[in-house]
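K.L.:
return atomic coordinates for the entry below.
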Amino acid sequence: MSFSTMSAIPKKNLMLLSGRFHPELVEEVAKHLDVAVTPQSAYSFANGEIFVRFEESVRGADAFVMQAHTAPINDSIIEQLIMVDALKRASAKRITAVMPFWGYSRQDKKHRGREPISARLVADMFKVAGANRIMTVDLHTSQVQGFFDGPVDHLFALPVLANHIKQTYAGRPLAVVSPDSGRVRLAERWADTLGATPLAFIHKTRDPTRPNQAVANRVVGDIDGRLCVVIDDMIDTGGTVTSAVAALHDSGAADVVIAATHGVLSDPATKRLSSCGAREIILTNTLPIPDEKRFPGMTVLSIAPLLARAIHEVFDDGSVTSLFDGNA
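P.N.:
As a prediction, this is how the structure comes out:
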């Protein structure tokens, strides 16, 4: 019996799959990759249980399953886990869980006794479900990469955000401002990207027993007469960045711009941001931002081109690090 007609090298097959919580972003990524989103049936039972079935064979595929971990966040995470499990049981060759925003990433350590490390729990669940690797954008802290037992592609939105600021505020004296001491290293990278502008940070206090509340005490650094760029990984209720804006204005800033990757925007974030006195609030679309949460002065930049390039590099066994000139 002859098997000479069989191909020794199987053809690689990229499949992009979408959860139900931010399909617009997945469709945009698909256009950049020139692929179609794999059709599927997905619905919830009356008691909230989620069902997913793919309408095409995924056997041997290099599958990228993308989901925004947005409200209701537990449903969005469970749905992505179920999709990963379905891919594993349908014999996908490699499964990459693409989570532009890693849910629970703020819970990356214990502040006091008897607390969970929920970011690690999320990583463990994706490993057990069958994910071979994770792709995410701007983790709350970089060590969360180590929670997953496998490759983690940690992408940075800094080039996307910084390019917008360069083009919009060219010629104005800038100062990069970290909203707290924990973001100073990120602020240094921002300063390098924007041309070695001065650094400042807000000294603040936070009560670990009261979530989403912080008090900006004073500005450390020379920001007098400058356009201050307040940078952060996420904006949830907006309390931290809006108090930073007030502190900067009080300390002599000429203007303030806020730049953050993840717009969680839990109430009352929109009200706070729209009235805080910042010239512009710049976010990316790692999370869906509905029209009712938008306002004049908010700019939402697309993260889809960056995700598409990273997915292409992973599929092609290329270098994701090269997307960031060695900074990944």
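K.L.:
what element comes up after the lowest-mean-pLDDT helix or strand in the chain heading to the C-terminus?
P.N.:
Lowest mean confidence among the helices and strands of the chain (mean pLDDT, DSSP states H and E): strand 214-220, at a mean of 71. Sequence order places strand 227-235 as the next helix or strand after strand 214-220, per DSSP states H and E.
K.L.:
mind listing what that next one pairs with, with the direction of each?
P.N.:
strand 174-178 (parallel), strand 255-263 (parallel) (DSSP bridges).
K.L.:
just send those back as a markdown table, with distance to S302 and mean neighbour count too.
P.N.:
C-beta: built from backbone N, CA, C; applies to glycine. Shown next, in a markdown table, are these (distance: least, C-beta to C-beta, whole Å; neighbours: other C-beta atoms under 10 Å):
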| stretch | distance to S302 | mean neighbour count |
| --- | --- | --- |
| strand 174-178 | 23 | 27 |
| strand 255-263 | 12 | 25 |
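K.L.:
how about TSV for the ones you listed, with mean pLDDT added?
P.N.:
Listed next are the strands paired with strand 227-235 as TSV, based on pLDDT from 0 to 100:
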stretch	mean pLDDT
strand 174-178	95
strand 255-263	98
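K.L.:
domain assignment for the chain?
P.N.:
14-156+305-322, 158-301 (automatic domain parsing).
K.L.:
where among those domains is average confidence lowest?
P.N.:
Comparing mean pLDDT across these, the weakest is domain 158-301, with a mean of 91.
K.L.:
span of it from start to end?
P.N.:
Domain 158-301 has an end-to-end distance of 11 Å (C-alpha to C-alpha, to the nearest Å).
K.L.:
show me how far it is from its chain's centre.
P.N.:
Offset of domain 158-301 from its chain centre (C-alpha atoms, centre = their mean, to the nearest Å): 16 Å.
K.L.:
contacts only, for E27.
P.N.:
18, 37 (C-beta atoms under 8 Å, 6 or more residues apart in numbering).
K.L.:
that one and P305: what is the separation?
P.N.:
13 Å (C-beta to C-beta, to the nearest Å).
K.L.:
over to F64?
P.N.:
From F64 to P305 the distance is 15 Å (C-beta to C-beta).
K.L.:
do the same with S319
P.N.:
17 Å.
K.L.:
swap in K11?
P.N.:
In terms of C-beta to C-beta, K11 sits 26 Å off from P305.
K.L.:
one more: F148?
P.N.:
Counting by C-beta to C-beta - F148 and P305 are separated by 25 Å.
K.L.:
same deal with S275?
P.N.:
32 Å.
K.L.:
these two - which one has more neighbours?
P.N.:
P305 (14 against 10; other C-beta atoms under 10 Å).
K.L.:
give me the buried positions along the helix or strand containing that one.
P.N.:
Secondary structure assigned from DSSP H and E places P305 in helix 304-315. Within helix 304-315, the residues that count as buried by 16 or more other C-beta atoms under 10 Å are 304, 306-315.
K.L.:
my guess is T168 meets A259, correct?
P.N.:
No: distance between T168 and A259: 10.8 Å, which falls outside the contact criterion (C-beta atoms under 8 Å).
K.L.:
and of the buried residues of helix 304-315, the nearest to G225?
P.N.:
Closest to G225 out of those is L306 (33.7 Å), distances taken as C-beta to C-beta.
K.L.:
residues contacting that closest one?
P.N.:
137, 155, 157, 159-160, 323.
K.L.:
buried ones among those residues?
P.N.:
137, 155, 157, 160, 323.
K.L.:
is the first one in a bridge, and if so with what?
P.N.:
This means V137. Using DSSP bridges, the bridge partners assigned to V137 are L155.
K.L.:
and it, what does it touch?
P.N.:
Per C-beta under 8 Å, 6+ apart, neighbours of V137: 100-101, 154-157, 261-262, 284, 286, 303, 306-307.
K.L.:
count the residues that sit near the closest residue in space to D222 that isn't next to it in sequence.
P.N.:
Distances taken as C-beta to C-beta, 6 or more residues apart in numbering place P198 nearest to D222, at 5.8 Å, with adjacent residues excluded. By other C-beta under 10 Å, the residues close to P198 number 15.
K.L.:
now swap in R183 and tell me
P.N.:
Using other C-beta under 10 Å, R183 has 19 other residues around it.
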